[in-house]
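> give me the fold of what follows.
(chains A and B)
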Amino acid sequence: MAPMAVFQATFLLALLPLSAYQSEVSSEPLSLNVSISSAQQRLHLQWSVHNLTHPELKMAFQIEISRIKKSNVIWVENYSTTVQQNQTLHWTWESELPLECATHFVRIRGKEDDTWAAQQRVWSSWSSWVKVDAQSLLGQGPPHIFPIDKLVEEGSNVTICYVSRHNESNVSCLLHGQRIPREQLDTHVSVFTLTNVSFISTWGSNLYCENDPDIITGAEPGTVLFVSKVLEEPKGFSCETRDFGTLNCTWDPGSDTDVWKYPSQRYALFESFSGKKKSCEQKNWCTWQVAQDSQMYNFTLIAENYFRKRSVNLLFNLAHRVHPMTPFNVLFESVSTTNATMTWKVHSLGNFSTFLCQVELHGEGRAIQHNASSQVDGQYFFSGLAPATEYAARVRCAAKHFWKWSEWAGQNFSTLQAAPSKAPDVWRSVRSTLGSCNVTLFWKPLSKSQAHGEVLFYSVATENQDRLSSSKLFSIPAPANGTELSLDGCSHQIRVTASNGAGASPESVMVIAGDPGNQTAEVKEERIRGTEDGVSMSWKPPAGDVIGYVVDWCDGPQELSCDLQWENLGPNATSTVISSDAFRPGVRYNFRIYGISPERTAYLLARKTGYSQELAPANNPRVYISNLTLHSFTLSWTDYATDSQPGFIQGYRVYLRSKEEQCPPGFTKAVLPDNSVCCKHDIDNPEQKTFVVENLQPGSFYEFLVTPRTRAGEGPAHPFGKVTTREQHAHALIRIILPMVFLLLLLTVLCYVKSQWMKETCYPDIPDPYKSSVLSLLKPKENAHLTIMSAHDCIPDKLEVVNKPEGIKAQFPGARKSLAETDCTKHDYIYLLPTEKSSAGPGPGICFENLTYNQAAPDAGFCGPVPAPHTAPPGLGDLLTAPGNLLRSLEPSYMNSPGETPAGETTLNYVSQVASPTSGHKDSPPTNSLELAPCSEYRMQMAVPLGLASPSPNENRSLSSMSLLDPGEHRG
Amino acid sequence: MKVLAAGVVPLLLVLHWKHGAGSPLPITPVNATCVTRHPCHSNLMSQIRNQLVQLNSSANALFILYYTAQGEPFPSNLDKLCGPNVTDFPPFHPNGTEKARLVELYRIIAYLGASLGNITRDQRTLNPHAVGLHGKLNATADTLRGLLSNVHCRLCSKYHVARVEVAYGPDTSDKDVFQKKKMGCQLLGKYKQVIALLAQAF
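Numbering: from 1, shown residues only, chains lettered A, B, ... in the order given. Alright, predicted model coming up:
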């Protein structure tokens, strides 16, 4: 027992100091202070440890954070650090929930954490809870949303809370119209969690909450959420120097993560050998000053924003990262017709004085590249250049340790001119007239590679082969491509050269031997066919030697000006394919093939004609019908020009359409493009331009069409002509109708010839009273004295003309006018009455008022049987001045003949053709007026008894004052 | 010049703004000296009327342009976010005397001018690409300045009123982004409403 007691006492004594120490460190850490960073949603904890036994002690702390209530611990953090005497310790906690959304509580405890004091690791007691209540700062205002203007990274989760002073359980929040899931944190706080947010705009996204959609308070809160893109690792990080003084580092930053309100993306360069660091002002490049003694560099590019930090490394030797400056002073020396020397300078790079340079020459549509090693001054010799050609040369250089080419530096230059290297290609057109030859020369301009400079003029020398001394020289300035010469005789040698500033080209020689017109007539024209490649033709080589061939043709239509084209061919050629951009389908071209003799004389070998592409005829010929019979008719189109068609006419096709199903012999059934069925007949001879359609039905209707055919097809299938064959009985009808027509014509002629006789017989102007039907009417009353009074028996005593009808005549120029419209007082009256002196004398008196004819024929305006002039004869003046006498005399019995019949007994009647008030009623008193109205187209004819016609003196007096005439009209 | 007008004027207003300055002070006594820098135009009232008509005709377009530029939820929650809930807006009595109406008009135009300056400044940062909105805001601010000058001339020349105490709306520079947008929208809603009343009253 004693040893046990001793051991126990010793153990306790040993533990005593330890327990005393333990009691010191396990006391609760003092002065725990918690502050809030609302925007960052962080709690900053500060505390200090009292009574440290050592100046420096490693310790562990445990921090508990509760939300809403103390028992609801949401975070436990174990934090170890070395603590010094009187040191204030810091720790920060970031909440996923905005701190304004709920009350938080924080407490802490600690213990020693040194290895030597392992037995002392006993937690101190907890500090008292520190309450963090950010809500209390909100006051009694309207509801709030937290966080405010929050910055989050794309793809992260965001918790938003809606804080109200009232119990609001119907709150909803929307982001871009999308409702966010809600969770009730407590009675007045709702929490909304956005997961995996995406970037929308640099200027943020509106987030809006409302309690009740139907209640408008005007205090609905909202906030803007700023979503930044995720910071990317810089790509393509590279550094280089152009002058060994500055390093220029570049990189691709990727997506810009900055948002408008929180720009935080930044870059920095850290060089590990020197230990220097530089913040970059730009997001994609940065410069670094090269140290004189540094060749190796190890850079770290650090990219950083609010959420992340990324970096890339780059280790390099400065000499291997040289990007030379652009060469300068690029010049050309010793430029000749075919050579040139190019010189340039390169910026010096200290010890690095050797460069690899690349020279490039552009000219004549091609580029040539050469490599050259050079010092600061470089040069390159170009040879084999074309004369009078503009070239563009450029150069770029790189350092010996190739990193990058410099930019190009270039210059243009032109080689000098040389004489043209080739004779111009010349051809001619010859026309001979009356011993002189008109030669039109054509030549093609020399190509640039042949001209060796700008051609200034062409020289044409002509030499008469018959008289060698006779030669002429013409100079034609460029850019003419031909000239016209009038030569004395066709036998000439012509030499043509092209000259530029450096000299003349070789000669192009041709000899004109004679009139080419004869040759053309001798050579038969052949047809050729066009292909896809052009117009193909071949010919037989001539018997004699040739040094070549020429094919010429006109590019334009023959009728217009001939744009003469030609092609030279070698002596072995016997065929060629002529193609031209000017060739048009459907146009016929004529080709002439000439052989060129060793004496340079061209003679015609062959003539060809053809189309580059034949077309179907565009129009059908105009067809005439002839020889129409009962069973046939003839079609002819003789005026159809076969040579001016868009293809060679191979023949014609005759279409026939009728109601009959059977085709005439020689025709076959055919279907037209409009699917109508008809008969067709092919004519294979293009020169046959008539066709007899036979074996037809009489009196039948036919439609026909003649269309030409070429290799490309036939002409249009319209319009059809129409014809009807003759009727079978038509000739019989003609035999009847023709004589009848003839007879009718004969009768008409006879009537015309005997018209006067016919008129007098049938329709006399003045009816013959003896032939009048009046006689038949009077027959019942006829007596022995009944006779017709003859006008020849009348002895006129006096003539009086009343109202000379000059004006009336003018009013009736042949036109018949209604008597109702006529002034009756102006009618002519010719009275044949005895004068006072001769009134007792015997002899009948008669008066015709023959207005019936007078009106119809105004020229005959006088009493019919009496051809008395209108002017009164001498001795009749008294009566003329007293026309009323006549009327008065008519009063008693104006219907009787006084001389031959007793008074009151009618022996002679003139019956008015139409009843007249003045004549129809003999009992009615005569008027004093001469007016016969109502006027009638027909006038009475009357015979007046002579005795009654003699007025009494009184009557005469009284009547003499009743002149109804215009005084001006009276005569005598 | 427009930049200065839109930037400096609101700044000066902000510097002199005091919270609670919503109650306007009495106008200048009648016997105070009133001098205008330039002679007033003869048909001032006609010009004032025309300017009010011009502002009224463009107010709705400005309002639409504004809330459209802010994006959702503004266009679909106009009544909640853009209602004319401006508490300290100067009053206007259309049945008052011409002098009283002109004084009230002066206060309203001064208030609107300052608020429009704030909105223009905010929108330059919040919606830098809404060029059409910026142009319309600047044009409206220009017209308001002209109208203010004319009203001042009229008050001075006819009623010898040299100075009118005015009040300005709250500064938005320290507000969060959503609040800035919302306050701007409310102010423009109020502006649209008031300018119609003013155009009718004159």
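> spatially central residue in chain B, please.
Note on chain B: the residue nearest the mean C-alpha position is residue B:112, at 1.6 Å, using CA atoms, centre = their mean.
> which SS class is that residue?
Under DSSP: H, G, I helix; E, B strand; the rest coil, residue B:112 falls in the helix class.
> could you do the one 4 residues further on as well?
With three-state DSSP as the basis, residue B:116 sits in helix.
> what number of residues lie near it?
Residue B:116 has 25 neighbouring residues, counting by other CB atoms under 10 Å in any protein chain shown. Bear in mind the C-beta positions are built from the backbone N, C-alpha and C, glycine included.
> how about residue B:95?
Residues near residue B:95, counting by other CB under 10 Å: 7.
> check what pLDDT it gets.
Per-residue confidence (pLDDT) for residue B:95: 89.
> how much space is there between it and residue B:201?
As judged by CB to CB, to the nearest Å, residue B:95 and residue B:201 stand 9 Å apart.
> do residue A:174 as well
40 Å.
> the two: which is more packed in?
Comparing residue A:174 with residue B:201 by other CB under 10 Å, the one with more neighbours is residue A:174, at 19 against 16.
> residue in the stretch 51-200 of chain A nearest to chain B?
Using CB to the nearest CB, residue A:148 is the residue of the stretch 51-200 of chain A that sits closest to chain B, at 4.6 Å.
> how many neighbouring residues does the nearest residue to residue A:541 once chain neighbours are set aside have?
Nearest non-adjacent residue to residue A:541, counting by CB to CB, 6 or more residues apart in numbering or on different chains: residue A:574, 5.7 Å away. Using other CB under 10 Å, residue A:574 has 12 other residues around it.
> my read: residue A:574 touches residue A:540, true?
Yes. Between residue A:574 and residue A:540 there is a contact under CB atoms under 8 Å: 7.2 Å.
> how about low-confidence regions in chain B?
B:1-33, B:36-37 (pLDDT under 70).
> what residues does it have near chain A?
Contacts of chain B with chain A, taken as CB under 8 Å from any CB of the partner chain, map to B:70-74, B:76-77, B:79-81, B:83, B:85, B:125-128, B:176-178, B:181-182, B:186.
> now, of these, which are buried?
For these, a neighbour count by 16 or more other CB atoms under 10 Å in any protein chain shown gives the buried set as B:70-74, B:77, B:80-81, B:83, B:85, B:126-127, B:176-178, B:181-182, B:186.
> can I assume residue A:472 sits in a helix?
No. Secondary structure of residue A:472 (three-state DSSP): strand, not part of a helix.
> now it: closest residue in space that isn't a chain neighbour?
residue A:462 is the one closest to residue A:472 (CB to CB, 6+ apart), at 4.9 Å.
> distance check, that neighbour against chain B.
From residue A:462 across to chain B, the span is 79 Å (CB to the nearest CB, to the nearest Å).
> cool, and residue A:241?
38 Å.
> chain neighbours aside, what residue packs nearest to that residue?
The shortest distance from residue A:241 to any non-neighbouring residue, by CB to CB, 6+ apart, is to residue A:247 (5.2 Å).
> count of neighbours near that neighbour?
Neighbours around residue A:247, by other CB under 10 Å: 21.
> show me what whichever strand or helix holds it is packed against.
Taking DSSP states H and E as the criterion, residue A:247 maps to strand A:246-252. Strand A:246-252 makes packing contacts with strand A:235-241, strand A:285-289, strand A:296-304 when contacts are defined by 3 or more CB pairs under 8 Å, 6 or more residues apart in numbering or on different chains; DSSP states H and E.
> 7 Å instead?
strand A:235-241, strand A:285-289 (3 or more CB pairs under 7 Å, 6 or more residues apart in numbering or on different chains; DSSP states H and E).
> to residue A:443, which of the ones you listed lies closest?
strand A:235-241 (59.4 Å; CB to CB).
> just to check, residue A:302 is in contact with residue A:268?
Yes. Residue A:302 is within contact range of residue A:268, at 4.7 Å (criterion: CB atoms under 7 Å).
> please parse chain A into its domains.
As assigned by the TED database, chain A contains the domains A:32-136, A:142-228, A:235-320, A:328-414, A:425-611, A:623-731.
> quick one, which of the ones you listed is packed in tightest?
Of these, the one with the most neighbours on average (mean count of other CB atoms under 10 Å in any protein chain shown) is domain A:142-228, at a mean of 18.
> got the phi and psi for residue A:104?
phi -120, psi 150 (degrees, to the nearest 10).
> for it, give me the pLDDT.
Looking at residue A:104, the pLDDT reads 91.
> now do the contacts for it.
A:43, A:65, A:66, A:67, A:132 (CB atoms under 7 Å, 6 or more residues apart in numbering or on different chains).
> the third one against residue A:105, yeah?
Just to be clear, that refers to residue A:66. Yes. Between residue A:66 and residue A:105 there is a contact at 4.2 Å, judged by CB under 7 Å.
> please narrow the residues of chain B next to chain A to those residing in helices.
Judged by DSSP state H, helices contain the following of the residues of chain B next to chain A: B:70, B:79, B:80, B:81, B:125, B:126, B:177, B:178, B:181, B:182, B:186.
> of those, which pair is most distant in space?
B:79 and B:125 (26.9 Å).
> next, the contact list for the closest residue to chain B within the stretch 651-800 of chain A, please.
Across the stretch 651-800 of chain A, the shortest distance to chain B (CB to the nearest CB) belongs to residue A:673, at 62.1 Å. Going by CB under 7 Å, 6+ apart, residue A:673 touches residue A:717.
> pull stretch A:174-188 out as CSV, backbone CA atoms only.
The C-alpha trace of stretch A:174-188 is given here as CSV (Å, rounded to 0.1, in the frame of the first residue of the first chain):
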residue,chain,number,x,y,z
LEU,A,174,-38.5,35.8,-61.7
LEU,A,175,-35.4,36.0,-63.7
HIS,A,176,-36.0,36.7,-67.4
GLY,A,177,-39.6,35.6,-66.9
GLN,A,178,-38.6,32.3,-65.3
ARG,A,179,-39.9,31.6,-61.9
ILE,A,180,-37.3,30.7,-59.3
PRO,A,181,-37.9,27.8,-56.8
ARG,A,182,-38.8,29.2,-53.5
GLU,A,183,-38.2,28.0,-49.9
GLN,A,184,-39.6,29.6,-46.8
LEU,A,185,-36.8,30.4,-44.4
ASP,A,186,-38.9,31.9,-41.7
THR,A,187,-42.2,33.8,-41.5
HIS,A,188,-40.9,36.9,-43.2
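> how far does it sit from the chain's center?
Distance of stretch A:174-188 from its chain centroid, counting by CA atoms, centre = their mean, to the nearest Å, is 60 Å.
> quick check: mean pLDDT across that stretch?
Across stretch A:174-188, pLDDT averages out at 85.
> tell me the strands beside the strand holding residue A:247, with direction?
strand A:235-241 (antiparallel), strand A:285-289 (antiparallel) (DSSP bridges).
> now those strands in JSON lines, with distance to residue A:126?
JSON lines is the format used below for the strands paired with strand A:246-252 (distance: least, CB to CB, whole Å):
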{"stretch": "strand A:235-241", "distance to residue A:126": "51"}
{"stretch": "strand A:285-289", "distance to residue A:126": "51"}
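> between those, which one is closest to residue A:432.
The nearest among these, by CB to CB, is strand A:235-241 at 80.5 Å.
> tilt between that closest one and strand A:296-304?
Per axes from the mean of the first three to the mean of the last three CA atoms, to 10 degrees, the angle that strand A:235-241 makes with strand A:296-304 is 140 degrees.
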